[in-house]
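[1] Here is the input, now give the coordinates:
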Amino acid sequence: MTQPIDLAVIGGTGLYRIAELQDVESHQPVTRYGAPSGPVRIGRLGERRVAFLARHGEGHSLPPHQINYRANLAALQALGATRVLALNTVGGITERFGPRVLGCPDQLIDYTWGRISTICEVASEGSGGTEVLHVDFGEPYTRALRAAVLAAAQRAGVALVDGGCYGATQGPRLETRAEIARMRRDGCDLVGMTGMPEAGLARELGLDYACLAIVANWAAGAGPDPDEVITLQDVLDNVAAASSGLPALLQALLDAP
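    Numbering: from 1, shown residues only. Just a heads-up that it's a prediction; the model follows:
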């Protein structure tokens, strides 16, 4: 019998492991959708079992449009996860979301294309296909899990912006200034490349799912200096600084009754 996992964490750019995990075991399940991005590391934070999966692979070898999102979520579910906290490295568009800010968005706009975005499959030879699901996605993140994350941040003393709209773009290139201006007009506060189809698939699979957005830089043309050039080292430094409170936040989330 699969032991339950108290929390599954999917790490984004710059977040390839949880250093605080103890007694780590590695699992590499193969799902009906294929293999996940890499090994699932399961260990303990305190007395709680936590699973971690690097979305891009532990060597960051998978671009956003080629990640097998279905396999990642199905693998976590098969290993006993029911709650998934997605860590997404993003760019900030509006004033609340400058570099090194942590946010917990409550809305989402999908600008991606060509990605497999559902577990519903058409019939093939010898197969009757799958049930057609029309899941409610008005609130793309699980309300109860979002509330738990926000409460945990408060208990841990970690600054976390409540709300905001995540715009998911195709990547792997960054966006033009005109694209970011359009996204601002559309109501987006954050821009990233991996928020979808992950959130929609989690809903179809019946997983509780929330996003912790880690702002690495201003998006193109946003911020106080629209001509600022961001280097990869800037991004990594900002991710490291913004995520310094993650261990305390995760522990507070796990310790909640």
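
[2] Secondary structure element for residue 141, which one?
    Counting by DSSP states H and E, no helix or strand carries residue 141.

[3] these two touch, right, it and residue 85?
    No - look at residue 141 against residue 85 with CB atoms under 8 Å: they stay out of range, at 10.3 Å. For every residue, glycine as well, the C-beta is placed using N, CA and C.

[4] Mutual contacts of the two, please.
    210, 211 (CB atoms under 8 Å, 6 or more residues apart in numbering).

[5] Any regions of the stretch 51-200 of the chain where pLDDT drops low?
    Counting by pLDDT under 70, the ranges of the stretch 51-200 of the chain that qualify are 122-129.

[6] got the residue ranges for the helices in the stretch 51-200 of the chain?
    Using DSSP state H, counting those that start in this stretch, the helices found in the stretch 51-200 of the chain span residues 69-78, 143-156, 177-186, 198-205.

[7] out of the ones you listed, which comes closest to residue 135?
    For residue 135, the closest of the helices of the stretch 51-200 of the chain is helix 198-205, at 4.8 Å, according to CB to CB.

[8] The closest one versus helix 69-78: what angle between them?
    50 degrees (axes from the mean of the first three to the mean of the last three CA atoms, to 10 degrees).

[9] can you list contacts of helix 198-205?
    Against helix 198-205 from outside (CB under 8 Å, 6+ apart): 10, 55, 69-70, 72-74, 77, 84, 86, 108, 110, 117-120, 133, 135-137, 140-141, 208-209, 211.

[10] hmm, which of these are the buried ones?
    Buried members of the contacts of helix 198-205, scored by 16 or more other CB atoms under 10 Å, are 10, 55, 69-70, 72-74, 77, 84, 86, 108, 110, 117, 119, 140-141, 208-209, 211.

[11] center of this structure - which residue?
    Nearest to the centroid of the C-alpha atoms of the chain, with distances taken as CA atoms, centre = their mean, sits residue 86, at 2.8 Å.

[12] ok, that one to residue 154 distance?
    For residue 86, the distance to residue 154 (CB to CB, to the nearest Å) stands at 20 Å.

[13] Tell me if I'm right that residue 70 and residue 121 touch.
    No - contact between residue 70 and residue 121 fails when scored by CB under 8 Å: they sit 10.0 Å apart.
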